[in-house]
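# sequence and predicted structure below; questions after.
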Amino acid sequence: MNQFSQVGGVYYKRVSKSRSNLMLVDAKQRDLGPDKTAALIETVVDGIVWQIVVQNYISTRYAS
């Protein structure tokens with residue numbers, strides 16, 4: 001959660017736990033539960049480069 005990136009002079013970082021309506025299951029199709037699911041989602045989110053996508057969207061959406 002402390003990972004952050006600087007894009008164009010602005011810092012983007014995840015500042016809270018991930019929330020979703022996903023239910024992850026194990027190999028035996030058993031629900032992993034909300035805490036384990038959230039932890040796995042956070043690992044994925046922290047491992048991808050999403051900051052540039054967010055910056056591009058904001059720049060395009062709110063361009064003058």
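Structure's in. What do you need? Residues are numbered from 1 along each chain as shown.

# now stretch 51-64: buried residues?
Neighbour counts using 16 or more other CB atoms under 10 Å place residue 51 of stretch 51-64 among the buried residues. Where C-beta positions appear, they are placed from N, C-alpha and C, glycine not excepted.

# tell me the pLDDT of the residue positioned nearest the centre of the chain.
If you average the C-alpha coordinates of the chain and look for the closest C-alpha using CA atoms, centre = their mean, you land on residue 45, 3.5 Å from that point. The per-residue pLDDT reported for residue 45 equals 89.

# what packs against the host helix or strand of it?
With secondary structure defined by DSSP states H and E, residue 45 is part of helix 34-47. Counting contacts by 3 or more CB pairs under 8 Å, 6 or more residues apart in numbering; DSSP states H and E, helix 34-47 packs against no other helix or strand.

# after that helix, next one along is what?
helix 51-61.

# which other helices and strands contact that next one?
Using 3+ CB pairs under 8 Å, 6+ apart as the contact criterion, the secondary-structure elements in contact with helix 51-61 are strand 4-7, strand 10-13.

# what is the rounded mean pLDDT of it?
Mean pLDDT, helix 51-61: 89.

# with just CA atoms, put that helix into CSV.
Extracted in CSV, the C-alpha atoms of helix 51-61 (Å, rounded to 0.1, in the frame of the first residue of the first chain):
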residue,chain,number,x,y,z
GLN,A,51,-0.9,5.4,-12.6
ILE,A,52,-0.3,6.3,-16.3
VAL,A,53,-3.8,5.1,-17.3
VAL,A,54,-5.3,7.3,-14.5
GLN,A,55,-3.3,10.3,-15.6
ASN,A,56,-4.2,9.9,-19.2
TYR,A,57,-7.9,9.5,-18.4
ILE,A,58,-7.9,12.6,-16.2
SER,A,59,-6.0,14.6,-18.8
THR,A,60,-8.3,13.6,-21.6
ARG,A,61,-11.6,13.9,-19.6
